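Q: would you be able to build a 3D model of this:
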Amino acid sequence: MGDVHGKRVLVREDLNVPMDGARVTDDTRLRSAAPTVAELSDKGAIVLILAHFGRPKGERNPAMSLALVTRPLSDVLGREVRFIDDCCGDAAAAAVATLQPGDIAVLENTRFHKGEEKNDPALVEAMAALGDLYVNDAFSAAHRAHVSTEGLAHKLPAFAGRSMQAELDALEKALGSPEHPVAAVVGGAKVSSKLDVLRQMVTKVDHLIIGGGMANTFLAARGVDVGKSLCEHDLKDTALAILDAADKADCTVHLPYDVVVAKEFRANPPVRTINVHDVAADEMILDIGPAAVEALADVLKTCRTLVWNGPLGAFETPPFDAATVALAKTAAALTQSGTLVSVAGGGDTVAALNQAGVGDQFSFVSTAGGAFLEWMEGKELPGVAALMA
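A: Modelled structure (predicted):
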């Protein structure tokens with residue numbers, strides 16, 4: 001990037017944090033933004049932060065103003081952060097002109113402009129006029145071809161920020177050129193939402209561990225009666241096709257053979273741990289059983305790389321977090337001992353790993369949801385592709 005002293009650097013960050021009134025309830029994304037912003041500021045750049053907040057649909061909405069996030073970001077950085085009431089136009093340019101080298105400012109929500117999500121060339125020109133350089137540090141928004149995530153990269157000299165670089169390095173280690181054997185944990189409620197991921201994974205990994213409600217669909221496809229469990233019975237043929245593709249690719253698919261069931265879905269109901277073939281008509285499978293978890297732990301011990309997206313059971317509701325917590329602890333221990341490279345991503349996954357107390361013990365945990373999934377699906381991410389162009 002060279003000498004940035006006195007240069008106006010437009011930095012795309014993800015500041016779309018959860019809030020309760022004026023309080024940020026999870027500042028992970030603010031902490032992810034800090035290294036790039038602080039480094040540019042220390043080098044004397046005029047740091048102009050671009051971000052979206054919520055879904056204002058091209059209209060100004062005070063409830064979605066980035067003014068709300070400016071103080072929390074300042075607290076994380078430990079330095080002053082100014083707020084500028086627009087991200088383009090004469091008033092914004094006049095405000096930027098008052099900034100000195102090393103100053104940091106958050107520009108107003110890019111999605112207050114209708115052209116942002118349409119990647120409108122006129123808005124690209126208007127936003128680019130405020131800066132000399134562009135840095136994309138928001139991997140979590142890289143699957144969208146918007147003005148602030150993709151368009152600007154074609155207009156100004158463009159670079160990846162520290163957080164973006166860390167994501168890309170971790171993903172390359174996990175699926176680009178991983179050390180085999182590779183395992184993938186893919187969980188979640190519905191097969192339909194992760195069909196492309198499953199199809200991609202069976203060609204890339206040696207072990208595919210399927211959990212959550214998705215596992216029920218695969219069990220049912222194999223003729224197991226899953227009772228009242230969440231299950232997409234209409235996807236039987238699709239599930240069988242994925243299992244067939246895995247067979248041809250020499251990928252072992254792991255489905256639970258013991259499960260935890262209950263007659264009602266609530267916290268701490270009466271439960272049974274049973275063989276998967278013993279589910280009663282009025283019971284629901286809500287977690288993987290301990291014998292299956294032990295077998296999966298043995299699988300991970302033979303692997304060198306792990307990619308994890310989605311919980312194994314209904315982890316938000318105890319005691320159905322037991323399998324996810326147990327396997328996460330095994331993966332963390334293997335990572336800490338140096339035998340496993342572990343990369344996890346997606347909102348539910350991050351929450352589950354934090355619940356297990358091991359969020360900081362994986363090799364890399366991505367805060368991205370949609371972008372992480374699309375990357376697992378093997379899709380090109382426009383925000384990343386633009387930096388490589």
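Q: ranges for the helices of the protein?
A: 28-42, 67-77, 90-97, 115-118, 121-128, 162-171, 195-204, 212-221, 236-248, 290-301, 322-336, 347-355, 370-376, 382-388 (DSSP state H).
Q: most neighbours per residue, which of these?
A: Using mean count of other C-beta atoms under 10 Å, the stretch among the helices of the chain with the greatest mean number of neighbours is helix 212-221 (a mean of 25). (Each C-beta comes from the backbone N, C-alpha and C, glycine too.)
Q: re earlier: can you put the helices of the chain in CSV and add mean pLDDT and distance to Ala314?
A: Below are those laid out as CSV (pLDDT from 0 to 100; distance: least, C-beta to C-beta, whole Å):
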stretch, mean pLDDT, distance to Ala314
helix 28-42, 96, 23
helix 67-77, 97, 32
helix 90-97, 98, 47
helix 115-118, 97, 34
helix 121-128, 98, 43
helix 162-171, 92, 28
helix 195-204, 92, 20
helix 212-221, 95, 8
helix 236-248, 96, 20
helix 290-301, 97, 15
helix 322-336, 97, 9
helix 347-355, 85, 11
helix 370-376, 86, 20
helix 382-388, 92, 33
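Q: of all the ones you listed, which lies closest to Met284?
A: When the helices of the chain are compared by C-beta to C-beta, helix 212-221 sits nearest Met284, at 8.8 Å.
Q: for that closest one, packing partners?
A: The helices and strands touching helix 212-221, judged by 3 or more C-beta pairs under 8 Å, 6 or more residues apart in numbering; DSSP states H and E, are helix 236-248, strand 284-288.
Q: for the residue nearest to Thr339 when sequence neighbours are not counted, give me its contacts.
A: Once flanking residues are discounted, Thr339 sits nearest to Arg304: 7.2 Å by C-beta to C-beta, 6 or more residues apart in numbering. By C-beta atoms under 8 Å, 6 or more residues apart in numbering, the contact set of Arg304 is Pro178, Glu179, His180, Pro181, Val182, Thr339, Leu340, Val341.
Q: what does the model give the last one for pLDDT?
A: Model confidence at Val341, expressed as pLDDT, equals 96.
Q: who's in contact with it?
A: Lys173, Ala174, Pro178, Glu179, Arg304, Thr305, Leu306, Thr335, Ser363.
Q: same check on the second one?
A: If a contact means C-beta under 8 Å, 6+ apart, then Glu179 has Arg304, Thr305, Val341 as its contacts.
Q: quick one: which of those residues is nearest Leu235?
A: Leu235 has its nearest neighbour among the contacts of Glu179 in Thr305, at 28.2 Å by C-beta to C-beta.
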